[in-house]
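**Student:** Below are the sequence and a predicted model; questions follow.
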Amino acid sequence: MTIKYLKQLSENPSVRINNSSYVTSVQPLSMEDIQSLEGEYNRGSPFPTSLRELLFLAGEDCYVLDYGLSDSPAEMQQAVRRWLIRTNRSISGPFYAIDTYNGTGQFLFVYLNEGHEDPVVYEAVLYDSNDGISWIHSLDKTLSEYINYNVLKVLSGGNPF
């Protein structure tokens, strides 16, 4: 696969965390696994290009994303959908969760039907703290901007989270 959007991640498959001796690497998904996820979560249509690149490069493990306690990307998608049911929330239209954190309370996702090759990243906060912020809000960054920014943060010795 030709990488068009996630250049920083593609060029840095392994990084040293916080300038320590600990090195971590991304773990990709196969095209078969990506197509299976597309069948399940996007009615068989291809994911947006930047999401396909993310899964191809680091769909199994990515040092700038937290996949929670899930053992696989499919399991993470199922977990997020169970959280939505438990909290009586729903997301209209097809979406794909890219990061889970704060136990079962928050996740990042992209809509799959926006018609963009590089969709915007959204955050879902399932247990609203009543601070007036919508439980879904945009991070005002596309998927590639979000990932590339966090890769650069790690490369400069920072924490991506």
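**Tutor:** Good, I have the coordinates.

**Student:** quick one: what helix or strand has the most centrally placed residue in the chain in it?
**Tutor:** Note on the chain: the residue nearest the mean C-alpha position is Ile98, at 1.8 Å, using Cα atoms, centre = their mean. Following DSSP states H and E, one finds Ile98 within strand 95-101.

**Student:** isn't Pro94 right next to Leu112, touching?
**Tutor:** Yes - with contacts counted by Cβ atoms under 8 Å, Pro94 reaches Leu112, the gap being 4.1 Å. C-betas here are computed from N, CA, C, even on glycine.

**Student:** confidence score at the residue lying farthest from the centre of the chain?
**Tutor:** The centre of the chain is farthest from one residue, Ser21, which by Cα atoms, centre = their mean lies 26.2 Å away. With respect to pLDDT, Ser21 has a value of 70.

**Student:** residue contacts, it?
**Tutor:** By Cβ atoms under 8 Å, 6 or more residues apart in numbering, Ser21 lies in contact with nothing.

**Student:** what's the distance between it and Leu155?
**Tutor:** 16 Å (Cβ to Cβ, to the nearest Å).

**Student:** do the same with Leu55
**Tutor:** The value you get for Leu55 to Leu155, if Cβ to Cβ is used, is 22 Å.

**Student:** what's the nearest residue to Met76 if we skip its chain neighbours?
**Tutor:** Closest residue to Met76 apart from its sequence neighbours, by Cβ to Cβ, 6 or more residues apart in numbering: Ser70 at 3.8 Å.
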